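Asker: Based on what follows, work out the 3D shape:
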Amino acid sequence: MTRTLILGAGFGGIAAATELRRRGDDSDEVILVDRAPDFSMGLRKLWDVFGLGTIAEGSRPRSVLATHGIDFRRGNVDAIDPHARAATVDGERIEADFLVIALGARPRPDLVPGLAEHGHDVWNPAEVPATRAALERFDGGRIAIVIAGGPYACPPAPFECAMLLDEWLRERGLRGRTDLTITTFQPVLLPNAGKAGSAWLGEQLDQRSIGHRTGRAVEHVAARDVVYEDGAEPFDLMIGVPPHRPPHVVEGGFMTVDPGTLETASEGVYAVGDVTQIKLSNGLPLPKAGVIAEAEGVRVARAIAARAGGGAEPPPFDGRGHCFIELGHSVATMVDGDFFADPEPRVVVREPSAETADAKRRFEAERLERWFGR
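Answerer: Just a heads-up that it's a prediction; the model follows:
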């Protein structure tokens with residue numbers, strides 16, 4: 001009998017646990033730890049802001065994972081001992097044969113002076129109601145969406161936010177008296193999509209009269225101004241995208257792993273998802289996206305099952321992933337990426353369609369059904 005301890009029950013952790021339970025021996029123990037009782041996908045936050053669906057509708061209790069034979073334990077991870085493949089959870093030390101760290105990365109608006117005080121952070125589910133209320137009070141003026149630091153989860157999401165907001169304002173007759181802009185500290189709009197993908201995205205923003213500027217590093221945010229290194233811009237309402245960082249219990253910042261195996265420097269210890277930083281051939285990091293964390297979690301589970309059962313090592317993680325970009329509530333496109341390609345990731349932007357928007361909703365529904373049964 002072997003024991004696998006998985007820290008974090010997001011995309012990567014749940015995918016690893018359910019795949020391991022499916023492939024492993026019935027006598028093997030799978031312990032999954034998370035501080036929150038419920039799971040929901042990040043896509044729900046923007047849907048909730050713009051009235052396209054609520055976070056609650058897409059939430060599922062993690063305790064239901066027990067139906068897969070997974071021992072879900074709600075608790076805070078106090079410490080990690082990778083050399084011993086162990087962790088302390090709410091004061092209890094848990095040792096294992098294999099350890100998977102899938103604790104994600106958390107928004108850190110405190111790293112940008114004034115961002116938390118003067119901006120709305122829809123990357124934090126707890127702040128979604130306040131953002132929605134601020135928009136309901138809005139009656140025209142300047143709205144700024146500011147990508148204030150990186151890395152951050154789901155690279156296309158700020159641009160989805162801008163285009164959904166454009167549509168929301170038009171439906172309410174407010175677009176004509178609203179100046180809507182998005183700025184980023186990055187040299188192009190969406191580096192992981194390359195120059196061509198960023199140019200396509202710029203065209204989509206231009207079609208909607210959404211102002212956009214790249215290379216704008218934020219110094220601080222004041223009550224009515226974003227102060228960049230090259231000058232200040234006023235706003236009446238600001239949505240800020242903060243940099244993300246691993247939780248403090250992960251010492252040394254983002255974790256380094258073997259890109260193919262996802263194993264750390266400690267034997268039998270893996271890390272998947274947003275808690276990792278995998279550099280691509282062009283020096284950019286692998287995007288932090290749920291679908292990539294899921295693929296990594298599945299690969300790690302298969303490796304653990306093979307090691308425990310004496311089977312062959314599975315093929316390495318190939319760095320492939322896709323991401324939906326909503327251009328409105330009923331139209332979306334898909335970006336397909338071969339991110340481990342050399343010398344540059346190969347990225348293809350699909351033609352926008354209503355069918356792709358439906359596919360994004362099926363993406364959520366299929367995984368909730370697979371993992372939670374409903």
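
Asker: Can you identify each of the strands in the stretch 1-150 of the chain by residue range?
Answerer: For the stretch 1-150 of the chain, the strands defined by DSSP state E, counting those that start in this stretch cover 3-7, 29-34, 38-39, 60-61, 71-74, 77-81, 86-89, 92-95, 98-101, 106-107, 141-147.

Asker: Sorry, wrong one. I was asking about the stretch 251-374 of the chain.
Answerer: 269-271, 320-328, 331-338, 346-349.

Asker: between the strands of the stretch 1-150 of the chain, which gets nearest to Gly231?
Answerer: strand 141-147 (13.4 Å; Cβ to Cβ). The way it works is simple: take the backbone N, C-alpha and C, and place the C-beta from them, glycine included.

Asker: Show me the contact partners of that closest one.
Answerer: Here strand 141-147 makes contact (Cβ atoms under 8 Å, 6 or more residues apart in numbering) with 119, 158, 161-162, 165, 177-186, 218, 221, 226, 233-241.

Asker: Could you give me the buried positions within that strand?
Answerer: Under the neighbour-count criterion of 16 or more other Cβ atoms under 10 Å, strand 141-147 has Arg142, Ile143, Ala144, Ile145, Val146, Ile147 buried.

Asker: Likewise for stretch 354-374?
Answerer: Here stretch 354-374 shows Thr356, Ala357, Lys360, Arg361, Phe363, Glu364, Arg367, Leu368, Trp371, Phe372 as buried, counting by 16+ other Cβ under 10 Å.

Asker: what about the residue nearest to the first one when sequence neighbours are not counted, how many neighbours?
Answerer: If the residues on either side of it in the chain are set aside, Thr356 comes closest to Ala332, at 4.4 Å by Cβ to Cβ, 6 or more residues apart in numbering. Burial measure for Ala332: 23 neighbouring residues, criterion other Cβ atoms under 10 Å.

Asker: swap in Val89?
Answerer: Neighbours of Val89 (other Cβ under 10 Å): 19.

Asker: how close does it get to Asp28?
Answerer: Computed as Cβ to Cβ, to the nearest Å, the Val89 to Asp28 distance reads 19 Å.

Asker: what's the answer for Arg367, then?
Answerer: Arg367 is 23 Å from Asp28, by Cβ to Cβ.

Asker: And for Thr276?
Answerer: For Thr276, the distance to Asp28 - Cβ to Cβ - is 25 Å.

Asker: Give me the more crowded residue out of these two.
Answerer: Taking neighbours as other Cβ under 10 Å, Thr276 and Asp28 compare with Thr276 leading, 27 against 20.

Asker: ok, what's across the strand from that one?
Answerer: Thr276 forms beta bridges with Met255, as assigned by DSSP bridges.

Asker: That one touches Glu263, doesn't it?
Answerer: No - look at Thr276 against Glu263 with Cβ atoms under 8 Å: they stay out of range, at 11.1 Å.

Asker: Find the residues that touch each one of those two.
Answerer: Val257.

Asker: Report the contact partners of the residue lying closest to Arg320 once chain neighbours are set aside.
Answerer: Distance criterion Cβ to Cβ, 6+ apart; nearest residue to Arg320, sequence neighbours excluded, is Asp338 at 5.5 Å. Contacts for Asp338 (Cβ under 8 Å, 6+ apart) come out as Asp318, Gly319, Arg320, Pro345, Arg346, Val347.

Asker: quick one: contacts for Asp342?
Answerer: Counting by Cβ under 8 Å, 6+ apart, Asp342 has contacts Ser281.

Asker: buried ones in the helix or strand of the chain with the lowest mean pLDDT?
Answerer: Between all helices and strands in the chain, the lowest mean by mean pLDDT, DSSP states H and E belongs to strand 346-349, at a mean of 92. Neighbour counts over strand 346-349 (16+ other Cβ under 10 Å) mark Val347, Val349 as buried.

Asker: How about stretch 254-272?
Answerer: Phe254, Met255, Val257, Pro259, Leu262, Thr264, Gly268, Val269, Tyr270, Ala271, Val272.

Asker: Can you tell me which of those is nearest Leu32?
Answerer: Val272 (13.0 Å).

Asker: where do the helices sit along the stretch 201-350 of the chain?
Answerer: 290-309 (DSSP state H, counting those that start in this stretch).

Asker: coming back round to it: apply the buried test to the contacts of strand 141-147 and list what passes.
Answerer: 119, 158, 161-162, 165, 178, 180-186, 218, 221, 226, 233, 235, 237-241.
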